[in-house]
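Undergrad: Have a look at this prediction, sequence included:
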Amino acid sequence: MKVLVIGSGGREHALCWAIANSPLVTELFAAPGNGGIASVATLIDLKPEDIAGLVTWACDNAIDFCVPGPEAPLVAGLVDAMEAAGIACFGPSAAAAQLEGSKTFMKEVADAAGVPTAGWARFTDAQAARAHVTDQGAPIVVKADGLAAGKGVTVAMSVEEAHAAIDDALVGNVFGEAGASVVIEEFMEGEEVSFHVLVDGETVLPLATAQDHKRVGDGDTGPNTGGMGCYSPTPIVTDAVEESILETIIRPSVAEMARRGCTFRGVLFAGLMMTPSGAKLLEFNVRFGDPECQVMMARLMSDLLPALMATRSGELHHTSLRWWPKAALSVVMATEGYPASYPKDTPMSGLEAADAMEDVTVFHAGTRRDGDQWLSTGGRVLGVTALGETIEDAQTRAYEAVDRIDWPQGFCRRDIGWRAVGR
Ligand code: AMP
Ligand code: GLY
């Protein structure tokens, strides 16, 4: 089979790394990929947003199966376009991808399905939104309705901060069309969990659980990022908790999507807040988490590709997945300055030495090769991922690997996994 993976981050490196191991694969391509992905796939110089270009390329090259990584092309209709051209493609239709593409849509589905989630209201008028916040008080959460590259959410600790976020979106237009309406949510407190399932429209197959560290600084402080590291499994999701998440959140939402005529197929990633009164839904994503995908792929024993194909063709009820009974932990190394502005093309070395350690894989999120030199190309650049007997053991090994990497302009958190290790 000829397989095309779309995207260029650590998530896509992990997907390519897993898919390259499948005995079903004869050729693997990645568009556009990155320096690390080039070691397992042939890079194609097409951007994920270039849907027409990708479809044409996939047809011209007789691609048998396509696996998109990021959300933006899903929301823009990549799967619909590939399927219409006769290319089998993993992931949701544009209509189903609205679960991530519109916070309002997601809240409406959750409410209709009776899913526990934060109370909310939607506004297009800044005056009315401000008045609502004044009335509700802080802390309170302001979200741009549409896709804002992970930057559209403000967890406001004061009414003034919430008012500023409202003005940014509705008056200042800083998120463009994505911020033309805002969803204002009740603040929820607890530990966050990343819960992924494969869904073929009907059957739900849970993947390994994971917990992400979203804040840039040690001790979970500082601004939010796309994720600075994570681990799997997450001890707070016991078998009983998992069953209750499936029962109260996942299955009702999947059924509601089918009822609305936008059947969900693909990977559904629920961001959950574990509150004293049980798991509550923060958000749905319609793709694998990044870096959650890295730890999941490190632990996956089964062949990923047949599971993705069964998800697309509605045959998940025949599929089961096996996981290594080990823990995995991934430390993100980012360029100094991230999540604000950062330099590009900073040199790094020692990647091969780190990757050569037993049970360690260095996933690349933003690198390129220049001669025999590795250069950074993004904010999040590497995901140093290790397996271990316990989360603590995986943590020790991951940081041993990190310490083999020499990158003066890079940094990482030194405490990934602290909640689980301390438990
Ligand atoms: P989202 O993109 O909707 O997941 O929001 C990004 C982050 O903001 C989440 O991972 C949470 O840390 C935080 N967040 C979102 N909604 C809420 C909420 N209702 N209460 C508390 N924190 C939230
Ligand atoms: N790591 C969180 C996300 O991918 O959205």
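TA: Great, that's in hand. Residues are numbered from 1 along each chain as shown. Ligands and ions are numbered 1, 2, ... in the order given.
Undergrad: So which bits of the chain are right by ligand 2?
TA: Contact residues (Cβ under 6 Å from any ligand atom) of the chain with ligand 2: D212, G226, G227, N285, G289, D290, E292. The way it works is simple: take the backbone N, C-alpha and C, and place the C-beta from them, glycine included.
Undergrad: now with 5 Å?
TA: Within the chain, the positions adjacent to ligand 2 are D212, G227, G289, D290 by Cβ under 5 Å from any ligand atom.
Undergrad: Who wins on neighbours among those residues?
TA: Neighbour counts for these (other Cβ atoms under 10 Å) peak at D290, which has 28 neighbours.
Undergrad: Quick one: mark the members of the residues of the chain next to ligand 2 that sit in strands.
TA: Among these, the members falling in strands (DSSP state E) are D212.
Undergrad: which one of the residues of the chain next to ligand 2 sits closest to ligand 1?
TA: Nearest to ligand 1 among the residues of the chain next to ligand 2, counting by Cβ to the nearest ligand atom, is D212 at 8.0 Å.
Undergrad: give the contact list for that closest one.
TA: For D212, the contacting residues are E192, S194, G227, G229, C230, G289, P291, E292, by Cβ atoms under 8 Å, 6 or more residues apart in numbering.
Undergrad: now these in TSV, with pLDDT and distance to A30?
TA: Output for the contacts of D212, formatted as TSV (pLDDT from 0 to 100; distance: Cβ to Cβ, whole Å):
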residue	pLDDT	distance to A30
E192	92	30
S194	96	24
G227	93	21
G229	97	23
C230	97	22
G289	97	19
P291	96	18
E292	97	19
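Undergrad: any idea which of the residues you listed is closest to ligand 1?
TA: Nearest to ligand 1 among the contacts of D212, with distances taken as Cβ to the nearest ligand atom, is E192, at 5.6 Å.
Undergrad: So which bits of the stretch 251-400 of the chain are right by ligand 1?
TA: Selection of the stretch 251-400 of the chain residues close to ligand 1 by Cβ under 5 Å from any ligand atom yields G271, L282, E283.
Undergrad: Now render these as CSV, adding secondary structure, neighbour count and pLDDT.
TA: Putting those into CSV (DSSP: H, G, I helix; E, B strand; the rest coil; neighbours: other Cβ atoms under 10 Å; pLDDT from 0 to 100) gives the following:
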residue, secondary structure, neighbour count, pLDDT
G271, strand, 16, 96
L282, strand, 19, 95
E283, strand, 20, 94
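Undergrad: sorry, back to before: with distance to D218 as new columns, can the residues of the chain next to ligand 2 be given to me in TSV?
TA: Listed next are those as TSV, based on distance: Cβ to Cβ, whole Å:
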residue	distance to D218
D212	15
G227	15
G289	21
D290	21
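Undergrad: Max pairwise distance over the residues of the chain next to ligand 2: which two?
TA: Farthest pair in those (Cβ to Cβ) is D212 and D290. Separation: 9.1 Å.
Undergrad: intersection of neighbour lists for these two?
TA: Here D212 and D290 share the contacting residues G227, scored by Cβ under 8 Å, 6+ apart.
Undergrad: which one of the residues of the stretch 251-400 of the chain next to ligand 1 sits closest to V402?
TA: Using Cβ to Cβ, G271 comes nearest to V402 of those, at 26.2 Å.
Undergrad: Now for that closest one: which residues touch it?
TA: Counted by Cβ under 8 Å, 6+ apart, G271 has contacts E192, V193, S194, F195, L281, L282, E283, F284, N285.
Undergrad: Could you do P206 as well?
TA: Applying Cβ under 8 Å, 6+ apart, we find P206 in contact with F195, H196, V197, E242, L246.
Undergrad: Which of those fall in helices?
TA: E242 (DSSP state H).
Undergrad: will you turn the contacts of P206 into TSV that also has neighbour count?
TA: Compiled in TSV, the contacts of P206 are given as follows (neighbours: other Cβ atoms under 10 Å):
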residue	neighbour count
F195	26
H196	22
V197	23
E242	17
L246	16
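Undergrad: between the contacts of P206, which is nearest ligand 1?
TA: Nearest to ligand 1 out of these is F195 (Cβ to the nearest ligand atom; 12.5 Å).
Undergrad: Quick check: bridge partners of the closest one?
TA: Beta bridges link F195 to A270 when assigned by DSSP bridges.
Undergrad: residues contacting it?
TA: P206, T209, V237, E242, I245, I249, I250, F269, A270, G271, L272.
Undergrad: switch the cut-off to 10 Å
TA: Contacts for F195 (Cβ atoms under 10 Å, 6 or more residues apart in numbering) come out as 206-210, 234, 237, 241-242, 245-246, 249-250, 268-272, 279, 281, 289, 292.
Undergrad: and stretch 129-143, anywhere near ligand 1?
TA: Yes - for stretch 129-143 and ligand 1, the contact criterion (Cβ under 5 Å from any ligand atom) is met by V141.
Undergrad: how long is that stretch from one end to the other?
TA: End-to-end span of stretch 129-143 (Cα to Cα, to the nearest Å): 12 Å.
Undergrad: Name the residues of it that are buried.
TA: Of the residues in stretch 129-143, A129, R130, H132, V133, Q136, A138, P139, I140, V141, V142, K143 count as buried by neighbour count, 16 or more other Cβ atoms under 10 Å.
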